[in-house]
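S.K.: Pasted the sequence and its predicted model underneath.
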Amino acid sequence: MNQKIQQKVIELSKALINPQNSYNHHISFLVLNNRILHIGCNASWRTHPKSLEIGYFSESPHSELAVFLKLRKKDLITRLTMINVRINTLYDLKISKPCKICTGWLKIIGVRHVWYTTGINKEFAKLW
């Protein structure tokens, strides 16, 4: 992954969290040609019927689904990279590997690459 985009998603993630809202924050970014197109966050107070459709146990969408709900040009999916970040209230990066349900769904819809924070410094790992 491009170092510039890596730094940008970390900076944006830190700016987006509300430390008083919850302990961990999951944020997903859709990237095309090193440009962030959309950002999605976990939010337990929101619901969407697509959550149950893809197999979640509640209607609260994970950040992976939340970011795709914003995407209007579905023909871009196979060209997109998803980057997941998990950050706590102390602004430490934590492991943000997508759950089994999200992983399966992302494969089915054809996302090109998926990256996630490992929880080790500012390191990212590639899922595919």
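M.R.: Yep, that arrived. Numbers count the residues shown, from 1 in each chain.

S.K.: for this structure, which residue is closest to the average position?
M.R.: Centroid-nearest residue in the chain, with Cα atoms, centre = their mean: S28, separated by 1.9 Å.

S.K.: That residue belongs to a strand, doesn't it?
M.R.: Yes - S28 sits within a strand when classified using DSSP: H, G, I helix; E, B strand; the rest coil.

S.K.: Which residues are in contact with it?
M.R.: Shown in contact with S28 (Cβ atoms under 8 Å, 6 or more residues apart in numbering): I39, G40, C41, S63, E64, A66, V67, M82, I83, N84, V85. C-betas here are computed from N, CA, C, even on glycine.

S.K.: hmm, try it at 10 Å
M.R.: Residues near S28 by Cβ atoms under 10 Å, 6 or more residues apart in numbering: 9, 38-42, 62-68, 82-85, 96, 98, 102, 106, 114, 116.

S.K.: Out of those, name the ones that lie in helices.
M.R.: Those of those mapping onto helices are V9, S63, E64, L65, A66, V67, F68, C102, L106, per DSSP state H.

S.K.: neighbours of the closest residue to Y56 other than its chain neighbours, just the number please.
M.R.: In space, and not counting its chain neighbours, Y56 is closest to I101: 6.1 Å by Cβ to Cβ, 6 or more residues apart in numbering. A count of nearby residues for I101, using other Cβ atoms under 10 Å, gives 16.
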